[in-house]
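> Next comes the sequence, and after it the predicted model I'd like to discuss.
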Protein chains: 2
Amino acid sequence: MNAANDDVAGHEAEIAGAKPRVRDRIFDTACELFYQHGIRSVGVDAIAAEAGTNKMSFYRSFASKDALVAEYLRERQREFWEHWEATIAAYPGDPRRQIESLFEAHLVTVKDKACRGCALGNAAGEMADDDDVLSELVRHFKKDVRKRLRRMAHELGARDPDALGDALMLLMDGSYFTRLVFPGNSGPIAALMPAVRALIASQLPASSTSG
Amino acid sequence: MNAANDDVAGHEAEIAGAKPRVRDRIFDTACELFYQHGIRSVGVDAIAAEAGTNKMSFYRSFASKDALVAEYLRERQREFWEHWEATIAAYPGDPRRQIESLFEAHLVTVKDKACRGCALGNAAGEMADDDDVLSELVRHFKKDVRKRLRRMAHELGARDPDALGDALMLLMDGSYFTRLVFPGNSGPIAALMPAVRALIASQLPASSTSG
DNA sequence: CATGTGAGTTACCGGTCAGTAACGTGGTCG
DNA sequence: CGACCACGTTACTGACCGGTAACTCACATG
């Protein structure tokens, strides 16, 4: 993805394992700060300081703050799909179980104390919405999620797979969004799984209570 | 650019009631800019300029930017409930129609070209989440929405009214959130009404398809 | 005419932010 | 040894931002 700057430096250090390069420390720190406090709220100075280095080392590793932000969003995206694939891999050929386990895993994620909603979606809220590469990145991501959910609804044999996929997406993004306000698992996400199951049931030929 | 959002603030013709005061122009302008571009992205200079005045007049009308932001959020909240009450007033004693018309009205709102999701919720995403008055304001608002939805689900006679209310809230906030990314009515909000009806149906004694 | 008030203008303060320049240092390797 | 490399340090620029001071003007009322 991001071409040359990944393993130009550091495969030797990776083998040794003991010493994480400055770049990685900065990146990990930035990801956490961006997610926890929002992108605009976190300055490069704060990132560098928190990573135990300084601004110059930051700019030796990243072309600009925007470049770092883009990489942050791409990383979150990658992790999302990695998690997704790993989750549905447990039930190949069983779309119903796949969807349910997907939402169960999502619920675990979203219940976490450190969860602050969807990194990509939150970023979209911070942006001017029109021009830049970042908005396009988020839009592309959300489109992919929608496509996948619709496809799974199709594989499930739903009467209206597009509607079911979209409804599931509303639930997913709704649980992200409410999580910004309601701490822990005290919010409306308590009703996520029943809602998912009810929507699925409403789209199937009135049988099959479980696999 | 700013085209026409008012009628050039009529001269001293009106002695009766309406005030073409600077304060109101500033406030209206700020509400629009805050909603469209996010709170942190909009400086007081930009607000004043867009309102056809300057920073000093701004600070004669508002104690600080934070004070203006608080007033902005309170205003949006007020409008939300006003719209809510007006909508359900059409079907007194009919919680089912009330909920449905509530979501139909919500869908109209969210389909609008200028819609950028939930002003209150977006603000929550921009904030540090812990400390301030603003966070508390948003939290209180969302708690109220949840309470109202749960109550309506109770009046509806749902088997699990809390779960239904929460699920409806997930759909509502989900449609706000996805709207940040999908333009117009092209997104998953297309599936909002069917999902609402399916969830309601799943919580009722298996009859009553409509009024 | 005097006076008070709402409003526009210019200039400024202190702070923060992204980004750069120049230099220093300790290690690694040919 | 000496070149190189990754990293640290200090200091800086230019822009912007929230907020303030001091002055001016228009005007309405008495």
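Happy to help now that I have it.

> Residue in chain A with the shortest distance to DNA strand C?
Across chain A, the shortest distance to DNA strand C (C-beta to the nearest atom of the strand) belongs to A:Gly43, at 2.9 Å. Just so you know, the C-beta spots here come from the backbone N, C-alpha and C atoms, and that holds for glycine as well.

> Pull up the gap between that residue and A:Lys65, please.
For A:Gly43, the distance to A:Lys65 equals 8 Å [C-beta to C-beta, to the nearest Å].

> In contact with the closest residue to A:Trp84 other than its chain neighbours: list those residues for me.
Using C-beta to C-beta, 6 or more residues apart in numbering or on different chains and skipping the chain neighbours, the partner closest in space to A:Trp84 is A:Leu102 (6.8 Å). Residues near A:Leu102 by C-beta atoms under 8 Å, 6 or more residues apart in numbering or on different chains: A:84, A:87-88, A:152.

> cool, and A:Val110?
Applying C-beta under 8 Å, 6+ apart, the residues near A:Val110 are A:117, A:175-176, A:179, A:189.

> same for chain B: which of these are within range?
A:117, A:175-176, A:189 (C-beta under 8 Å from any C-beta of the partner chain).

> So which of those belong to helices?
A:175-176 (DSSP state H).

> And the ones next to chain B among the contacts of A:Val110, which is closest to DNA strand D?
Once C-beta to the nearest atom of the strand is applied, the member of those that ends up nearest DNA strand D is A:Gly117, at 24.0 Å.

> hang on, the earlier thing: is the residue nearest to A:Trp84 in a helix, a strand, or coil?
helix (DSSP: H, G, I helix; E, B strand; the rest coil).

> Point out the residues in chain A that sit beside DNA strand C.
With the criterion set to C-beta under 7 Å from any atom of the strand, chain A comes near DNA strand C through A:42-46, A:55-56, A:59, A:64-66.

> Would you point out the most distant pair within the contacts of A:Leu102?
A:Thr87 and A:Met152 (11.7 Å; C-beta to C-beta).

> tell me, what's touching these two both at once?
Joint contacts of A:Thr87 and A:Met152 (C-beta under 8 Å, 6+ apart) are A:98, A:102.

> Stretch A:67-81 near DNA strand D at all?
No - contact of stretch A:67-81 with DNA strand D (C-beta under 7 Å from any atom of the strand) is absent, the minimum separation being 14.8 Å.

> now that stretch, how far from the centre of its chain.
Centroid displacement of stretch A:67-81 relative to its chain, using C-alpha atoms, centre = their mean, to the nearest Å, is 8 Å.

> And for stretch A:168-177?
For stretch A:168-177, the distance to the chain centre is 12 Å (C-alpha atoms, centre = their mean).

> element containing the residue nearest the centre of chain A, please.
Geometric centre of chain A, nearest residue: A:Phe80, 4.4 Å, by C-alpha atoms, centre = their mean. Using DSSP states H and E, A:Phe80 falls within helix A:65-88.

> same check, this time on A:Leu199
Secondary structure (DSSP H and E) places A:Leu199 in helix A:192-202.

> any idea of the angle that helix forms with helix B:192-201?
100 degrees (axes from the mean of the first three to the mean of the last three C-alpha atoms, to 10 degrees).

> Which other helices and strands does helix A:192-202 contact?
helix A:95-111, helix A:161-179, helix B:161-179, helix B:192-201 (3 or more C-beta pairs under 8 Å, 6 or more residues apart in numbering or on different chains; DSSP states H and E).
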